[in-house]
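S.K.: Based on what follows, work out the 3D shape:
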Amino acid sequence: MSTNTTIRRSVILRQRPHDVPRREHFDTQRPFGYALMLTDSAEALLMTAAETYMQYCRRWGEDRTPISLEDNVRLYGMVLTAGRLASEAVEHLFHNASSAASKRGQRLERYFRDVAMYRQHMSAQYLNIASGIGRVHLGLPFGWGGL
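M.R.: Numbering: from 1, shown residues only. The predicted structure is shown next:
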């Protein structure tokens with residue numbers, strides 16, 4: 001079998017040729033690049049939320065303007081979204097890693113397990129708070145789950 005046929009079969013079967021280091025193959029670069037996009041976005045959201053909170057604190061310190069319920073829940077929504085994006089990055093890397101990454105004690109397995117615990121926690125259920133954020137913005141009482 002010629003080298004070109006082997007490479008074509010590898011691309012069709014989504015396997016990397018054995019003579020190409022994993023880090024140099026596009027099937028490794030793609031999920032890694034996507035995870036970088038997600039984590040960069042999560043970090044930007046988190047930093048923006050922190051900066052906005054500090055602006056609210058300075059505003060209160062200067063003229064005693066309180067931080068409103070809407071200010072609070074919208075910041076919380078930003079932080080939840082950052083957590084969701086960061087979690088998605090870990091999940092994406094785990095799903096695209098080799099099966100060796102799922103062996104107990106492997107670094108990526110531990111990260112995946114930690115992310116799974118975070119995602120199951122009540123405070124990370126972003127859809128539960130979304131209706132409350134919408135309600136507050138529309139001038140309605142906050143309530144949980146549309147209550």
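S.K.: just for the chain, where's the confidence low?
M.R.: 1-17, 144-147 (pLDDT under 70).
S.K.: give me the element the residue nearest the centre of the chain is part of.
M.R.: What sits nearest the mean C-alpha location of the chain, by Cα atoms, centre = their mean, is residue 85, with 1.5 Å. Counting by DSSP states H and E, the element that carries residue 85 is helix 69-96.
S.K.: Kindly report the same for residue 113.
M.R.: Using DSSP H and E, residue 113 maps to helix 107-120.
S.K.: could you check the angle helix 69-96 makes with that helix?
M.R.: 150 degrees (axes from the mean of the first three to the mean of the last three Cα atoms, to 10 degrees).
S.K.: And the following helix or strand past helix 107-120, what's buried?
M.R.: The helix or strand immediately downstream of helix 107-120 is helix 126-137, counting by DSSP H and E. Buried residues in helix 126-137, counted by 16 or more other Cβ atoms under 10 Å: 126, 129, 131-133, 135-136. C-beta here means a position set from N, CA and C on the backbone, and glycine is covered the same way.
S.K.: List the contacts of helix 126-137.
M.R.: If you take Cβ atoms under 8 Å, 6 or more residues apart in numbering as the criterion, helix 126-137 is touched by 69-70, 73-74, 76-77, 80-81, 83-84, 122, 141-146.
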